[in-house]
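*Asks:* Here is a sequence with its predicted model. Questions after.
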Amino acid sequence: MRRSLYPVIVGLLLFTGCRSNQKPSETSLKNAINRYLQSRGQTCTWLGQPFPINVSAAQQKLTFGIAPQMAALEKAGLVQSLDTETNLPGIFGGMTRHHVRRYEPTTDGKRYLRQTQAALTQSAGFCYGSKTVDSIVKWTEPASDQPATQTEVTYTYKLSDLAPWAERPDIQSQFGDIRTTVGGSSKLNEAITLQLTNKGWEAPGH
């Protein structure tokens, strides 16, 4: 009699475990989002062009834009510059020779460097921190009318492994996105959709 009950008890325990794994909880949702943020949660500032970055003499006279940004990055030790000449597009077409200040990432800068390439554009940037969940604000009732059961989770995050250079006043003055993020945008709510898998809650495509 006891033997015949054993498979039933095991089945009930497995069923209970599966059910508890399916039911959203603050812990399960937080773990799922943090797994997603491990690969997608880096905070970076982008320069809009790849290295090497040439700053023309005319640009160097401006108090906004790429010239003061690169100067701030150089003071922070992320890039180094040299004065050289290169061919640049002329006003009326063709190429003309220009004096430029050319910037390249330093050895220290390469630790934070990221380069992206889209169909027609490339951009270099520096990453300065990683997001992790600070708190789960709320989540919606899981909906099963989609191909997979989903819930939308609202959360706040905190920055970990913050690069020291991101806290410099001159960097934050030239890069408003860094100033905003480091200064408290993490206190704003963010939302993410999670779906139920055989391993529990996961971000789609993760």
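*Replies:* Perfect, thanks for sending it. Numbering: from 1, shown residues only.
*Asks:* how about the helices in this structure?
*Replies:* Secondary structure of the chain (DSSP state H): helices at 2-22, 26-40, 57-60, 66-75, 169-174, 176-183.
*Asks:* what distance separates the fifth one from the centre of its chain?
*Replies:* Centroid separation between helix 169-174 and its chain, computed with CA atoms, centre = their mean, to the nearest Å, is 20 Å.
*Asks:* what's the answer for the last one, then?
*Replies:* Centroid separation for helix 176-183 versus its chain: 13 Å, with CA atoms, centre = their mean.
*Asks:* center of this protein, which residue is that?
*Replies:* With distances taken as CA atoms, centre = their mean, Q42 lies nearest the centre of the chain, 3.1 Å away.
*Asks:* list the contacts for it?
*Replies:* By CB atoms under 8 Å, 6 or more residues apart in numbering, the contact list for Q42 reads R114, C127, G129, S130, K131. Heads up, the C-betas are built off the backbone N, CA and C, glycines and all.
*Asks:* In these, which residue is surrounded by the most others?
*Replies:* Counting neighbours by other CB atoms under 10 Å, K131 comes out on top of the contacts of Q42 with 23 neighbours.
*Asks:* From S135, how far off is T149?
*Replies:* For T149, the distance to S135 (CB to CB, to the nearest Å) stands at 24 Å.
*Asks:* more neighbours, the two?
*Replies:* Between T149 and S135, counted using other CB under 10 Å, T149 has the larger neighbour count: 16 against 13.
*Asks:* can you pull the contacts of that one?
*Replies:* Each residue near T149 by CB under 8 Å, 6+ apart is listed here: Q22, P142, A143, Q195, L196.
*Asks:* ok, which pair from the residues you listed is furthest apart?
*Replies:* Spatial extent of the contacts of T149 (CB to CB) is set by the pair Q22 and A143 at 13.1 Å.
*Asks:* Leaving out sequence neighbours, find the closest residue to E26.
*Replies:* I136 (4.7 Å; CB to CB, 6 or more residues apart in numbering).
*Asks:* wait, P89
*Replies:* Spatial nearest neighbour of P89, excluding adjacent residues (CB to CB, 6+ apart): M95 at 6.3 Å.
*Asks:* Okay, E167 and A76: tell me how far apart.
*Replies:* Between E167 and A76 the computed distance is 10 Å (CB to CB).
*Asks:* can you count the residues close to the closest residue to A32 other than its chain neighbours?
*Replies:* Counting by CB to CB, 6+ apart, A32 lies nearest to W201, which is 4.2 Å off, once chain neighbours are set aside. Residues lying near W201 (other CB under 10 Å) number 26.
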